[in-house]
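In: what follows is a protein structure lacking sequence information:
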């Protein structure tokens, strides 16, 4: 029996419209179809079917009715076993790595946005054929080429191979004997592709050595450079990435990479590490995906958080950043977590489970009630690693042990705790359980100190930090409150999110830090004039004393043996 075949036509580039024709041999008498509502790796119901239109069905010359069952499911009643053909349009103008895009410069898609699932036929071979690709455009994907098309062994694999199509730049390298490719669309003319290839090669070699081998025959990085954007989505043998053009290396990039380029290398590192940790080693709940609804797990602190720990750490071990630079990156993560009161409210296990409604749908109150399973999960990984190292083991050993014992497959929290117990004892396993199911502060300072890293408070807090605010400032519009942090004096004084702070103590205010210059010596009160829903409101707010702005990490001992083993330098 022939499996589903999808003819994907770049039908109307100006209108950003794909035309998809799905042919299914020997359909069922009542043949159901559905389009996923989410894509694995991005935990939000995104309703891809909202972009689908003009769905029709035929058997031979006979048109068939299409019955819609719900928001993303349809049924066609067939007559006989003649091939069924479905045709439909998909609008594609989402500038992200999760869906689909089509314009005069490039085409990109994940099959989860374009390819209906033929129920009952998911285990069969699925095939994609492309049509109306402009002259000079190249196709980049890790789906297996099959004559005039591309073939996936089943529907799950079909959804795990994004396509990048256009007149893009690409380069190749070998890492541990495995072919790799970097594809870049939208780069500036000054883009230094050879620098990027060489640096990404070092990342890949470090990670393959970490895991003890590559679980794929070849790999592609598909990067889209835009004016402003940053993110990625992992797949089994590729990743789709998006970055700001200013993050790309250029001919002017010095030997020491700039902050933007380091951020980009961290993104490459993060998504590549996912090839092992989430695409294969994955939550037990993800052994089989349900594409029509949320798929819950309490383990994103491990699969996203621990990956976030290793993404920058492996840059250091690969020699792309030195130890002081790495500690600066780590300090930034620590400061981000410590500045959010939600870390004391929502356990990481709950943050993982509620990602569908909270992490991907933040609002002005999110910092007060939600923890970040990426950044805070990375700090749990740091604490676990340093505890294990104090006992002669390491998180490296834990990760590779889980990889081996699971056969590179699903794991549960019990499996993780069992591995911790085997390497660090039952007490450490109990600590890890408390770190991810409770809300107590992590023992970061004491553990870093034991590894030759000095923790000190640095700088002067801004007025916004002292008041417990997050603001957006502009020379044109002034000061707008974006978040009011719980427990701050701004909250006590009645400041609201979305307030525009117009003045302070009778003076026009365009920068919140200028408020300290509008106070008499020894004064602690600010009278703020705010605009709220067209009304002018005066608020009396106490300005707490000045305090350090952040935590800084430095090398207390450049030759500390435990630190050298940890960072690899």
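Out: Structure's in. What do you need? All values derive from a computational prediction rather than experimental measurement.
In: quick one: contacts for residue 153?
Out: The neighbourhood of residue 153, defined by CB atoms under 8 Å, 6 or more residues apart in numbering, consists of 125, 126. The C-beta positions use only the backbone N, C-alpha and C, and glycine is treated the same way.
In: might one say that residue 328 is in contact with residue 554?
Out: No - counting by CB atoms under 8 Å, residue 328 does not reach residue 554; the two are 9.1 Å apart.
In: can you map out the helices along the stretch 101-250 of the chain?
Out: 111-114, 155-158, 193-211 (DSSP state H, counting those that start in this stretch).
In: so for residue 483, which of those sits nearest?
Out: Nearest to residue 483 among these is helix 111-114 (32.5 Å), distances taken as CB to CB.
In: quick check, distance from the closest one to the centre of its chain.
Out: 19 Å (CA atoms, centre = their mean, to the nearest Å).
In: which helices and strands sit right next to it?
Out: For helix 111-114, the elements it packs on are strand 5-12, judged by 3 or more CB pairs under 8 Å, 6 or more residues apart in numbering; DSSP states H and E.
In: partners of whichever helix or strand comes after the strand it packs on, with directions?
Out: For strand 5-12, the following helix or strand on the C-terminal side (DSSP states H and E) is strand 17-24. Using DSSP bridges, strand 17-24 pairs in its sheet with strand 5-12 (antiparallel), strand 84-91 (antiparallel).
In: just say which of those strands is most tucked in.
Out: strand 84-91 (a mean of 20; mean count of other CB atoms under 10 Å).
In: contacts for that one next, please.
Out: 11, 15-24, 27, 31, 33, 51-59, 64, 66, 76, 78, 100, 113-114, 116.
In: show me how far it is from its chain's centre.
Out: 30 Å.
In: cool, and stretch 118-134?
Out: The answer for stretch 118-134 is 27 Å, by CA atoms, centre = their mean.
In: buried deepest among the helices of the stretch 101-250 of the chain, which one?
Out: Highest mean neighbour count among those (mean count of other CB under 10 Å): helix 111-114, a mean of 25.
In: ok so, going back, could you export the strands paired with strand 17-24 as CSV, including mean pLDDT?
Out: Formatted as CSV, these follow (pLDDT from 0 to 100):
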stretch, mean pLDDT
strand 5-12, 98
strand 84-91, 98
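In: in ChimeraX, how would I select the buried members of the contacts of strand 84-91?
Out: A single ChimeraX command selects the buried members of the contacts of strand 84-91 (16 or more other CB atoms under 10 Å):
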select :16,17,18,19,20,22,23,24,27,31,33,51,52,55,57,59,64,76,78,100,113,114,116
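In: pLDDT weak spots in the chain?
Out: 1 (pLDDT under 70).
In: okay, now the domains of it?
Out: 5-138+147-164, 168-259, 276-453, 463-542 (automatic domain parsing).
In: out of those, the one nearest residue 561 is which?
Out: domain 276-453 (8.4 Å).
In: tell me how far the ends of the closest one are from each other?
Out: Domain 276-453 has its terminal residues 30 Å apart, counting by CA to CA, to the nearest Å.
In: and the closest residue in space to residue 244 that isn't next to it in sequence, how many neighbours does it have?
Out: Nearest non-adjacent residue to residue 244, counting by CB to CB, 6 or more residues apart in numbering: residue 228, 5.3 Å away. Look at residue 228: counted by other CB atoms under 10 Å, it has 10 neighbours.
In: need the phi and psi values for residue 228.
Out: When quoted as degrees, to the nearest 10, the phi and psi of residue 228 stand at phi -150, psi 120.
In: wait, it sits on residue 243?
Out: No - the pair residue 228 / residue 243 is not scored as a contact, 9.6 Å apart, by CB under 8 Å.
In: the stretch 151-300 of the chain: strands as residue ranges?
Out: Taking DSSP state E, counting those that start in this stretch, the strands of the stretch 151-300 of the chain run over residues 163-166, 169-175, 178-185, 219-226, 231-234, 238-244, 282-283.
In: export those to a markdown table and tack on mean neighbour count and distance to residue 125?
Out: What follows is the strands of the stretch 151-300 of the chain, written out as a markdown table (neighbours: other CB atoms under 10 Å; distance: least, CB to CB, whole Å):
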| stretch | mean neighbour count | distance to residue 125 |
| --- | --- | --- |
| strand 163-166 | 23 | 18 |
| strand 169-175 | 16 | 27 |
| strand 178-185 | 20 | 24 |
| strand 219-226 | 23 | 21 |
| strand 231-234 | 20 | 24 |
| strand 238-244 | 24 | 20 |
| strand 282-283 | 20 | 24 |
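In: Serialize the ones you listed to TSV and add fields for distance to residue 121.
Out: Below are the strands of the stretch 151-300 of the chain laid out as TSV (distance: least, CB to CB, whole Å):
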stretch	distance to residue 121
strand 163-166	21
strand 169-175	34
strand 178-185	31
strand 219-226	27
strand 231-234	26
strand 238-244	25
strand 282-283	24
